[in-house]
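S.K.: the sequence isn't on hand, but the structure is:
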């Protein structure tokens, strides 16, 4: 595979988000409109300029349907997509928008994810029928995500000597990043002892190995690189993308993710190698999955992610800063679209604008999480099911 034909032909030109909370007090429709209108305004566009809509969800995790958003904003859409795919589709959502713009079907596509996950906890839902592979695991209680991935973690631990203390170091570093992020849900300090003393959820995951439950929304606007030059912000270009693996647990080995399958084509499509990546925003529903993403996308050798994070190489001034906003563990769980939002903020010339340093170019780590001289960002979805490489203008 050579460089992808989409390389640098499209860009993220607008970003928007709501507050990330545990009780939004409003509907997913209102959350969608807040984030969507903010992203459109951030791009310097009007709602009438949007002619494509993309969103995604998973099972009970609600979102506003594109047709409802189009009616609310009186949009004339050439293209609408709503996929039941979950976090593995995080980067696929943006990639769909990229392809619609590159093909000339749309000029400006709004990509969003809105959810009231925390507020919806405990609501009675209709019984589900399980088919396919689910019928073999659901009766044994493995519908809980921690149970779905717990055996993958223990397999990695058995093969490579990874420990729950390695998980703790990753969680603590990401909490340090979140402490510098005004929109993060969890900003209070966390110690290794706090992690190790938190209660068990499903072995080997403790409470502080697990991501947030969040009410909130994130939205992005994708346009062509040519149109992007005339808009409000410097564009963030999409270099390449992969999104062919929708099942987060479809790996061939328990200690691997689909990242091992898509990483080679992803880097080749952008004309770079993992060594060119400045920082990464990696899907982290559990500490362990973030560790395997580091390995499977070539940022760390296989089996060495534990020592890597224990040494702090994933910190803001480390070898490869990872999850600079705090990730799903400490910022928020918006099905990973907040990872792309963070990558765009880091790559814009003004840098992160919602942290304690308010966008000033300072690297005082008591106040600012801005990565030094970022050029290229890697973002991936759950289980390496999709991924993107983004670059600054």
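M.R.: Received the coordinates, thanks. Just so it is clear, the structure is predicted and the values come from calculations on it, not from any experiment.

S.K.: so where do the strands sit in the stretch 51-200 of the chain?
M.R.: Remark: strands assigned in the stretch 51-200 of the chain by DSSP state E, counting those that start in this stretch are 52-57, 79-84, 108-116, 200-202.

S.K.: what packs against the last one?
M.R.: It refers to strand 200-202. When contacts are defined as 3 or more CB pairs under 8 Å, 6 or more residues apart in numbering; DSSP states H and E, strand 200-202 sits against helix 145-160. (C-beta placed from N, C-alpha, C; glycine too.)

S.K.: so for the helix it packs on, mean pLDDT?
M.R.: Averaging pLDDT along helix 145-160 gives 89.

S.K.: which helices and strands sit right next to that helix?
M.R.: If contacts are counted by 3+ CB pairs under 8 Å, 6+ apart, helix 145-160 sits against strand 200-202, strand 205-206, helix 287-296.

S.K.: what does the helix or strand hosting residue 343 rub up against?
M.R.: Using DSSP states H and E, residue 343 maps to helix 337-347. Here helix 337-347 makes contact (CB atoms under 8 Å, 6 or more residues apart in numbering) with 12, 15, 17, 20, 90-91, 93-94, 111-113, 218, 220, 236, 279, 281-283, 323-325, 327-328, 331-332, 351-354, 370-371, 374, 377, 379, 388, 390-392.

S.K.: relative to its centre, which residue of this protein is most distant?
M.R.: Distance from the C-alpha centroid of the chain peaks at residue 139, with 30.3 Å (CA atoms, centre = their mean).

S.K.: name the residues of the helix or strand bottoming out on mean pLDDT in the chain that are buried.
M.R.: Least confident helix or strand of the chain, by mean pLDDT, DSSP states H and E, is helix 145-160 with a mean of 89. If you call a residue buried by 16 or more other CB atoms under 10 Å, then helix 145-160 has these buried ones: 145-150, 152-154, 156-157, 160.

S.K.: dump those to TSV, plus distance to residue 314.
M.R.: Below are the buried residues of helix 145-160 laid out as TSV (distance: CB to CB, whole Å):
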residue	distance to residue 314
145	22
146	22
147	26
148	24
149	20
150	22
152	20
153	18
154	22
156	17
157	19
160	17
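
S.K.: leaving out the residues flanking it, which one is nearest to the residue positioned nearest the centre of the chain?
M.R.: Central residue of the chain (CA atoms, centre = their mean): residue 336, 2.7 Å from the mean position. Once flanking residues are discounted, residue 336 sits nearest to residue 90: 3.3 Å by CB to CB, 6 or more residues apart in numbering.

S.K.: residue contacts, the one you found?
M.R.: 283, 335-337, 339-340, 379-382, 386.

S.K.: most neighbours of all the residues you listed, which one?
M.R.: Ranked by neighbour count (other CB atoms under 10 Å), those have residue 381 at the top, with 36 neighbours.

S.K.: wait, what's in contact with the residue lying closest to residue 62 once chain neighbours are set aside?
M.R.: Sequence neighbours aside, residue 28 is the residue nearest to residue 62 in space, at 5.1 Å (criterion: CB to CB, 6+ apart). By CB under 8 Å, 6+ apart, the contact list for residue 28 reads 62-64, 114-116, 217.

S.K.: now the helices for the stretch 51-200 of the chain?
M.R.: Secondary structure of the stretch 51-200 of the chain, counting by DSSP state H, counting those that start in this stretch: helices at 66-73, 90-102, 145-160, 164-178, 192-197.

S.K.: for the first one, buried residues please.
M.R.: By neighbour count on 16+ other CB under 10 Å, the buried set for helix 66-73 is 66, 69-70, 72-73.

S.K.: swap in the last one?
M.R.: Neighbour-count burial for helix 192-197, with 16+ other CB under 10 Å as criterion, is recorded at 194-195.

S.K.: what is that helix packed up against?
M.R.: helix 164-178.

S.K.: how about the helix it packs on: buried residues?
M.R.: Applying 16+ other CB under 10 Å to helix 164-178 flags 164, 166-178 as buried.

S.K.: any chance of those residues in TSV, with distance to residue 195 and pLDDT too?
M.R.: Formatted as TSV, these follow (distance: CB to CB, whole Å; pLDDT from 0 to 100):
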residue	distance to residue 195	pLDDT
164	8	97
166	11	98
167	7	98
168	4	98
169	9	98
170	9	98
171	5	98
172	6	98
173	11	98
174	11	98
175	9	98
176	13	98
177	15	97
178	14	97
